[in-house]
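Chemist: Predicted model and sequence below, questions to follow.
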Amino acid sequence: MRCPFCTADEKDKVIETRVSKDGREIRRRRECEACSRRFTTYERIEESMPVVIKADGRREPFDRNKIEHGIFSAVAKRPVSRDQVSALALEVEREIGELGLSEIKSRDIGERVLPRLRGIDQVAYVRYASIYRDFTDLDGFAKELDALRGEDTGRHEAPAGLETLEGAEPGERTDEHAPVAAGE
């Protein structure tokens, strides 16, 4: 280790060592024996992430920030926190790192994001899916929405001001200003 102050090589001692909360990093407090100044170093395991193959065939290094950016676009104006987005991106990064692949298609990365995003926010899921599944027509989009509608997503509140009468469908207008169908 080279001292950042006097640049003496290999003349330091470790005073204190701590492991980070997630266990992925080691913090070492060191003291240079030549100039007696203290400094901190961090040791991380360098994971070799695969090269990402883009849809047009280009190859580029894996970048978790790009996953986060894509998710942030999908969750815009949705009740999803920055921490949830960061945790999701980190989960995907770890999963991809554990695969041990040298290359991965960007579409495969998107497909790993989708189920996690679906559990967080369904609207964001549909937004993200519309890009990564590259719907070419409304039928593909409608099938995805139908699959979501088939799930029990819990109780939904009707918007304020829309009261339902017995026998009326939720969301159906029941006031005297409701449109009248032909023949009534």
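Modeler: Here it is on my side, so go on.
Chemist: can you list the domain ranges for the chain.
Modeler: 12-44, 51-149 (automatic domain parsing).
Chemist: most packed of the ones you listed?
Modeler: Each of the domains of the chain was scored by mean neighbour count; the highest is domain 51-149, a mean of 15, by mean count of other C-beta atoms under 10 Å. In this view, the C-beta of every residue, glycine as well, is placed from N, C-alpha and C.
Chemist: follow-up on the earlier one: next, format the domains of the chain as TSV and append distance to residue 5 and mean pLDDT.
Modeler: Shown next, in TSV, are the domains of the chain (distance: least, C-beta to C-beta, whole Å; pLDDT from 0 to 100):
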stretch	distance to residue 5	mean pLDDT
domain 12-44	5	90
domain 51-149	33	88
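Chemist: Format those domains as CSV; extra columns: distance to residue 4.
Modeler: CSV is the format used below for the domains of the chain (distance: least, C-beta to C-beta, whole Å):
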stretch, distance to residue 4
domain 12-44, 6
domain 51-149, 28
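Chemist: Quick check: which of those is nearest to residue 3?
Modeler: Nearest of these to residue 3, taken as C-beta to C-beta: domain 12-44 at 4.0 Å.
Chemist: Next, the distance between the ends of the closest one.
Modeler: 20 Å (C-alpha to C-alpha, to the nearest Å).
Chemist: One more: stretch 88-108?
Modeler: Start-to-end, stretch 88-108 (C-alpha to C-alpha) is 15 Å.
Chemist: and it, how far from the chain's centre?
Modeler: 12 Å (C-alpha atoms, centre = their mean, to the nearest Å).
Chemist: mind listing the helices in this structure by residue range?
Modeler: Using DSSP state H, the helices found in the chain span residues 64-74, 82-99, 106-120, 122-132, 138-149.
Chemist: Just put those in TSV and tack on distance to residue 54.
Modeler: Compiled in TSV, the helices of the chain are given as follows (distance: least, C-beta to C-beta, whole Å):
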stretch	distance to residue 54
helix 64-74	11
helix 82-99	15
helix 106-120	5
helix 122-132	13
helix 138-149	22
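Chemist: Find the nearest non-adjacent residue to residue 68, please.
Modeler: Nearest non-adjacent residue to residue 68, counting by C-beta to C-beta, 6 or more residues apart in numbering: residue 89, 4.5 Å away.
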